[in-house]
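> could you look at this predicted model? Sequence included:
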Amino acid sequence: MVKTQGCITSTVQRSLSSPFSCYGIGLHTGETTTARVLPAEPGRGRYFVRTDLPGQPEIPAQIEAVRETMLSTELVNGEAEIRTVEHLLASLAGMGIDNARIEVDGSEVPLMDGSARSWTSAIAQAGIVEQTEAKSSILITEPVFVRKGDAFVAALPSDELRFSYGIDFELSAIGNQWHSWRFDPETFATEIAPARTFGFAHQIEQLRANGLIKGGSLENALVCSTDGWINPPLRFSNEPARHKLLDLIGDLSLLGTFPTAHFLAYKASHGLHTQLVRQLSNL
């Protein structure tokens, strides 16, 4: 349990220099949408706008807006919803973008190639601008964690912002693997963003029967079977662990600003990630 924490000023807020757009199919809906990401004023945070709905409702990228966490993170505001937000939010937060308006003409963010590489490339091309207002972050001074069985995610006291993730699957092609990354917008694009989402061949039919992964394909997800990877090669030997770390960063971005801590996760999920965010948001 955390009893103490301090507020420290770290640096100034940042936004985009210019807008950019990406389009593609949504993982679960199978619908093609376009996401247009624009600069936003200081203090505005990251937020979505459903441009296809009457009144163009806004959906804040904040923990209070989380509704569903089954195989992706979904945000809602009233009747407006936006699904599979984690890769784009991780890209913005990982590259240090604090304020952004994200317009989407449908209910799901495009999956692109299953990674965040397209998003980070577009952000770099659009440019990043420092704003005048400072931002502050919470310093974690005692461990905070949530767990379910042997799965957990924790925020540990640390002098630096770091993320570490471990996974363990029976399929030998994945097995037990870890990755650790110190927060650095310069290396996010090369070390974390290219890692693609992954799934299991024996689960595909059941997931589709439940109305999920309608847009999933071998073009936007790595698929693993008992015989190994169906669509190699991998971009990293531990690409699945890196992708889980990407998901964690996206979910933690719902805090607005990352606390200074070492975030350590093992066999966790969007559900556990967002449970930790809720605990941290109450500090």
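Looks like it arrived, so ask away. Numbers count the residues shown, from 1 in each chain.

> only C-alpha atoms from now on, for both contacts and neighbour counts.
Will do.

> which non-adjacent residue is nearest Arg182?
Once flanking residues are discounted, Arg182 sits nearest to Arg162: 4.3 Å by CA to CA, 6 or more residues apart in numbering.

> shouldn't the one you found be in contact with His262?
Yes. Counting by CA atoms under 8 Å, Arg162 does reach His262; the two are 4.6 Å apart.

> so for those two, which residue has more residues nearby?
More neighbours surround His262 than the other of Arg162 and His262, with 23 against 18 (other CA atoms under 10 Å).

> hey, what's that one bridged with?
Leu156, Arg162 (DSSP bridges).

> quick check: it vs Ala126, distance?
To Ala126, His262 is 30 Å away according to CA to CA, to the nearest Å.

> for Asp159, same thing?
32 Å.

> neighbour-wise, which of the two wins?
Neighbours per residue, other CA under 10 Å: of Asp159 and Ala126, the larger number sits with Ala126, 18 against 12.

> test my guess that that one contacts Leu16.
Yes. Contact criterion CA under 8 Å: Ala126 and Leu16 qualify, at 6.6 Å.

> so how far is stretch 104-113 off the chain centroid?
Chain-centre distance of stretch 104-113: 14 Å, with CA atoms, centre = their mean, to the nearest Å.

> whoops, stretch 23-31 was the one
That offset, for stretch 23-31, works out to 17 Å (CA atoms, centre = their mean).

> any stretches of this structure with poor pLDDT?
Low-confidence segments of the chain, defined by pLDDT under 70: 1-10.

> okay, helices next: where are they in it?
86-94, 117-126, 185-191, 204-209, 239-252, 270-281 (DSSP state H).

> residues in contact with the fourth one?
Residues external to helix 204-209 that are found in contact with it (CA atoms under 8 Å, 6 or more residues apart in numbering): Ile213, Lys214.

> which residues does the residue of the chain positioned farthest from its centre contact?
Most distant residue from the mean C-alpha position of the chain: Asp227, 29.4 Å away (CA atoms, centre = their mean). Contact analysis of Asp227 by CA under 8 Å, 6+ apart lists nothing.

> kindly recompute the last result at 10 Å.
When contacts are counted by CA atoms under 10 Å, 6 or more residues apart in numbering, Asp227 touches Leu171, Ser172, Ala173.

> okay, it and Asp159: tell me how far apart.
According to CA to CA, Asp227 and Asp159 sit 43 Å apart.

> just Ala221 next, same as before
From Ala221 to Asp159 the distance is 35 Å (CA to CA).

> from what I can see Ser246 touches Phe163, true?
I think there's a mix-up here, since residue 246 is Leu and not Ser. Yes. With contact defined as CA atoms under 10 Å, Leu246 reaches Phe163; the gap is 9.4 Å.

> what about those two, which has more around it?
Leu246 (31 against 21).

> what residues are up against the residue nearest to Arg182?
Here Arg162 is in contact with Ala155, Leu156, Ser180, Trp181, Arg182, Phe183, Asp184, Thr260, Ala261, His262, Phe263, Leu264 (CA under 10 Å, 6+ apart).

> still on that earlier bit, which neighbours do Leu246 and Phe163 share?
Joint contacts of Leu246 and Phe163 (CA under 10 Å, 6+ apart) do not exist.
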